[in-house]
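Undergrad: Quick one, what's the 3D model for this:
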Amino acid sequence: MKRRPRRVAASFFAARRSRRGFTARGRVGYPRGMQRVGAGSLRGRVLRPLPAAIAGVRPTGSRVREAIFDRLHLELQGRVVLDLFAGSGALAIEALSRGAARATLVEQQPPVVRFLREQIRELALADRVTLWQGDALAALRRGPASLGGPFSLVLLDPPYERTAALVPALAPMLAAGWLVPGAIVVCEHDRTAGALPGLPDYVLEASRRYGQTAVDFLRWDGGPSR
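TA: Alright, predicted model coming up:
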């Protein structure tokens, strides 16, 4: 008697595809909230989502992150990065993937620092990253050498409600020994709150809008604030 081939339920294959990160149509898919590195040596690597228990952190969206680094890509090679409001770490990780030499990440919340430590370990970036737990203003009251400075790229993504007060306070502190001449400062803020005030010794090279988010690209001219 001829044995009929055994039929395997379609749900079995669907479950396997799901575990491997594929959708029913065969495309790569990831759970909601997950992001990937957009380009460079880590392109396609999945970034851990922040645990639900961590509150008050607003990761930069994938579209905004891609737009930032598409503009910077010709100037990233060898840059030394300072991310003063690290959050999920996605901005600094993208910079490292695209050619930045090393990065210092400043983050105030202990649970987020622990999360970043695991994220960096998983991506094998520990030898290129310095993590510092504390407030951004407190960090800049230290000598720049203690955090790996001076820096040639600074990423500023403070809480939107504090941006208008923090950025004018941080800018002169950064210019007092933390930046190399020609350093780039990228500042993300809420576009509905209006433009940021002008900053002495910084040149606004471009300002871009992405939904509710505005991103300013500034360059420090190495002026007298140093």
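Undergrad: okay, CA-based contacts and neighbour counts for the rest of this
TA: Will do.
Undergrad: how about low-confidence regions in the protein?
TA: Residues of the chain that meet the criterion pLDDT under 70 lie in 1-34, 55-56, 58, 223-226.
Undergrad: Endpoint to endpoint, stretch 124-131 covers what distance?
TA: End-to-end distance for stretch 124-131: 14 Å, by Cα to Cα, to the nearest Å.
Undergrad: which parts of it are buried?
TA: Neighbour-count burial for stretch 124-131, counted by 16 or more other Cα atoms under 10 Å, picks out 125, 129-131.
Undergrad: Mind putting these into JSON lines with distance to residue 100 and secondary structure?
TA: JSON lines is the format used below for the buried residues of stretch 124-131 (distance: Cα to Cα, whole Å; DSSP: H, G, I helix; E, B strand; the rest coil):
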{"residue": "125", "distance to residue 100": "12", "secondary structure": "coil"}
{"residue": "129", "distance to residue 100": "11", "secondary structure": "strand"}
{"residue": "130", "distance to residue 100": "14", "secondary structure": "strand"}
{"residue": "131", "distance to residue 100": "16", "secondary structure": "strand"}
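Undergrad: Helices along this structure, start to end?
TA: Secondary structure of the chain (DSSP state H): helices at 10-20, 62-72, 90-97, 110-122, 136-140, 163-175.
Undergrad: Can you spell out which helices and strands pack onto the fourth one?
TA: Taking 3 or more Cα pairs under 8 Å, 6 or more residues apart in numbering; DSSP states H and E as the contact definition, the neighbouring helices and strands of helix 110-122 are strand 129-133.
Undergrad: Just checking: what are the partner strands of the strand it packs on?
TA: Taking DSSP bridges as the criterion, strand 129-133 sits next to strand 102-107 (parallel) in its sheet.
Undergrad: angle of the partner strand against helix 110-122?
TA: On the basis of axes from the mean of the first three to the mean of the last three Cα atoms, to 10 degrees, strand 102-107 is oriented at 160 degrees to helix 110-122.
Undergrad: wait, what's in contact with the closest residue to residue 204 other than its chain neighbours?
TA: Leaving aside its chain neighbours, residue 204 sits nearest to residue 218 (4.5 Å; criterion: Cα to Cα, 6 or more residues apart in numbering). By Cα atoms under 8 Å, 6 or more residues apart in numbering, residue 218 lies in contact with 184-187, 202-206.
Undergrad: I only care about those that end up buried; give me the PyMOL line for that.
TA: Buried subset of these, written as a PyMOL selection, criterion 16+ other Cα under 10 Å:
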select buried, resi 184+185+186+187+202+203+204
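Undergrad: I'd like the contacts of residue 218 as JSON lines, with distance to residue 111 appended.
TA: Shown next, in JSON lines, are those (distance: Cα to Cα, whole Å):
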{"residue": "184", "distance to residue 111": "29"}
{"residue": "185", "distance to residue 111": "27"}
{"residue": "186", "distance to residue 111": "25"}
{"residue": "187", "distance to residue 111": "24"}
{"residue": "202", "distance to residue 111": "34"}
{"residue": "203", "distance to residue 111": "36"}
{"residue": "204", "distance to residue 111": "35"}
{"residue": "205", "distance to residue 111": "36"}
{"residue": "206", "distance to residue 111": "34"}
